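[1] what shape does this take:
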Amino acid sequence: MELKSTHSSPVLADPAPINKTRLGIHSNLSSSKCIPILRRKQGKLDEALSNGWLDAMRASSPPRKRFIKDYRVEVALDDAEIAYCSWKIKHPSALNSFEQITKQAKKKKIAIFLDYDGTLSPIVDNPDDALMSNEMRLAVKNVAEFFPTTIISGRSRNKVHELVGLTELYYAGSHGMDIMGPVGVAASIDHHGCVKLADSQAEELKQFQPAGEFLPMIDEVFRTLVEKTKGIKGTIVENNKFCASVHYRNVDEKNWRTIARLVHNLLKNYPHLQITHGRKVLEIRPVVDWNKGKAVEFLLDSLGFANQADVLPIYIGDDRTDEDAFKMLGEKKCGIGILVSSVPKETKAFYSLRDPSEVMEFLKSLVAWKKMEDA
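    Take a look at the predicted model:
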């Protein structure tokens, strides 16, 4: 079955046409005739931009808690915990509010959307080591038996599929720019709110790729970044198909400015690409009107769930890129957003969970509740 949607395809935010012969567009605006005062102004502008990049990188990369036997550090940790408890008054625990959530979900078709890194797996120094536990995998598998379930990640679809290893899920990689449905399913929904098999013959759903024309450009940028960052210790460059990611978690902070300048300077040659910030990662993505929120809308539409009052999407994520989904659900008043965080953050999500272990507990509770409802 092919994924279909009534949504129009995403469009370039910048109306400038793409060069079809070579997607990387290089600028020829530099001139050797610049007068000194312009150079001074440009230098000040570059410094201001550089400081702005660093501020954004630091803001998107909160430090981990340190457990050191020092009186001053212990006091700071206590203050942080107080701040977190205060923040949770506005963003209550989804576990503590589970009865309230299930009252809202009663007699509704539920669709589950899950980020991967930091939600199903812990945040680790090397992205290749971000492995979900077997217990978490079983929890996700059990949820998918009752509710259509999507893993929506900044990683490539193939990579996150490999990490999760469940065929009964929908996978939306590259922040929703590469979507594939499960094997052998039809669009019909049973009384549980589950996607049912059409017949015994399994057919893989065709891919939905709203930014397919950018593949050569992203690949070119990825290869260039690998070459340019190879001298910066700790840098990891990842090709996520429709997104190139530069991880700086293991890079000395004194080199963050160098990485920021390198990435921003490279993108001057690619006006149809943009930079977004994740948790200690810079992500280079196409400038298209598409994000995780748009991907959730597309998937709900594909399931026949669009604009239905008896449908409740639940989105759980931990990153800035998940805010687009939280925002969409909030503005349409059509679902529940749950932020995974152990520190206070500005968010459009209403509920919160502290870490992946609480996510797993929430998923298990959801399955137990559904079984009791259907008994």
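[2] all the strands of the stretch 251-375 of the chain, in order from the start?
    Using DSSP state E, counting those that start in this stretch, the strands assigned to the stretch 251-375 of the chain run over residues 273-278, 281-286, 311-317, 336-340, 351-353.
[3] quote the end-to-end distance of stretch 301-317.
    Stretch 301-317 has an end-to-end distance of 21 Å (Cα to Cα, to the nearest Å).
[4] again with stretch 328-340
    Stretch 328-340 has an end-to-end distance of 18 Å (Cα to Cα).
[5] and that stretch, which residues are buried?
    Neighbour counts using 16 or more other Cβ atoms under 10 Å place 328-330, 334-340 of stretch 328-340 among the buried residues. All C-beta atoms are positioned from the backbone trio N, CA, C, and that covers glycine.
[6] how about the residues you listed in TSV, adding distance to Y270 and pLDDT?
    Converted to TSV, those look like this (distance: Cβ to Cβ, whole Å; pLDDT from 0 to 100):
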residue	distance to Y270	pLDDT
M328	27	97
L329	32	96
G330	32	95
C334	35	91
G335	35	95
I336	37	98
G337	32	98
I338	35	98
L339	32	98
V340	32	98
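[7] of those, which pair is most distant in space?
    By the measure Cβ to Cβ, C334 and V340 form the most distant pair in the buried residues of stretch 328-340, at 20.8 Å.
[8] where along the stretch 101-250 of the chain do the helices fall?
    With helices called from DSSP state H, counting those that start in this stretch, the stretch 101-250 of the chain shows them at 134-146, 157-164, 215-229.
[9] now what about the second one, what contacts it?
    So the one you mean is helix 157-164. Contact with helix 157-164 is made by 116, 120-121, 130-132, 137, 140, 151, 153, 155, 171-174, 178-180, 240-241, as judged by Cβ atoms under 8 Å, 6 or more residues apart in numbering.
[10] likewise stretch 233-240?
    By Cβ under 8 Å, 6+ apart, stretch 233-240 touches 126-127, 154-156, 159, 173-174, 218-219, 222, 225-226, 229, 244-252, 255, 259, 283.
[11] now swap in stretch 345-358 and tell me
    Residues outside stretch 345-358 that contact it (Cβ under 8 Å, 6+ apart): 62, 87-88, 91-95, 97, 101, 118-122, 132, 136, 315-316, 322-323, 326-327, 330, 336-342, 359, 362.
[12] hmm, back to that, so can I have TSV of the strands of the stretch 251-375 of the chain showing distance to K108?
    Shown next, in TSV, are the strands of the stretch 251-375 of the chain (distance: least, Cβ to Cβ, whole Å):
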stretch	distance to K108
strand 273-278	32
strand 281-286	33
strand 311-317	4
strand 336-340	11
strand 351-353	17
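[13] thank you kindly, that will do.
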